[in-house]
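Novice: Just to be clear, the model below is a prediction. Sequence and coordinates:
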Amino acid sequence: MDKASLTYEAALGRLEQIVGQLEGGEIGVDALTAAVKEGVELVTFCRRRLRTAQQEVERALQGLTENAQGGANGDVGEEGLEPPTSSV
């Protein structure tokens, strides 16, 4: 699997395949170690990707909050109106 172009969805799909093989007894002892190592790498990748996504969302929401509060320069928004608030 090409790690440079690996997506979260592809990694999760591959993990599901590995788990299915392990649970179904479809994997031999010789391939077990390689499958477990690949699984650990995929779990690590997925955790890292989720952490990055969470940080990006938090930064975006922080920017939204700062803009709604007038930001650093005290701007209120177009024509002096505050932007509508909503829960995301």
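Specialist: The structure has been received and is ready for your questions.
Novice: Which stretches in the chain count as helices?
Specialist: 8-23, 29-68 (DSSP state H).
Novice: Can you tell me which helices and strands the longest one packs against?
Specialist: Which is helix 29-68. helix 8-23 (3 or more C-beta pairs under 8 Å, 6 or more residues apart in numbering; DSSP states H and E). Heads up, the C-betas are built off the backbone N, CA and C, glycines and all.
Novice: For this structure, give me the ranges with low pLDDT.
Specialist: Applying pLDDT under 70 to the chain flags residues 1-2, 71-88.
Novice: now residue 34: how far from residue 28?
Specialist: 10 Å (C-beta to C-beta, to the nearest Å).
Novice: okay, now residue 36: neighbour count?
Specialist: 13 (other C-beta atoms under 10 Å).
Novice: Same question for residue 45.
Specialist: Counted with other C-beta under 10 Å, residue 45 comes out at 20.
Novice: Any figure for the gap between the most centrally placed residue in the chain and residue 39?
Specialist: For the chain, residue 50 is the residue whose C-alpha lies nearest the centre (C-alpha atoms, centre = their mean; 2.7 Å). Plainly put, residue 50 is 16 Å away from residue 39 if you go by C-beta to C-beta.
Novice: Identify the residue spatially nearest to residue 22, adjacent ones excluded.
Specialist: What sits nearest to residue 22 in space, not counting adjacent residues and going by C-beta to C-beta, 6 or more residues apart in numbering, is residue 35, at 6.7 Å.
Novice: Is it correct that residue 6 is in contact with residue 45?
Specialist: Yes: judged on C-beta atoms under 8 Å, residue 6 makes contact with residue 45 at a distance of 6.5 Å.
Novice: any common contacting residues for these two?
Specialist: Counting by C-beta atoms under 8 Å, 6 or more residues apart in numbering, residue 6 and residue 45 have no contacts in common.
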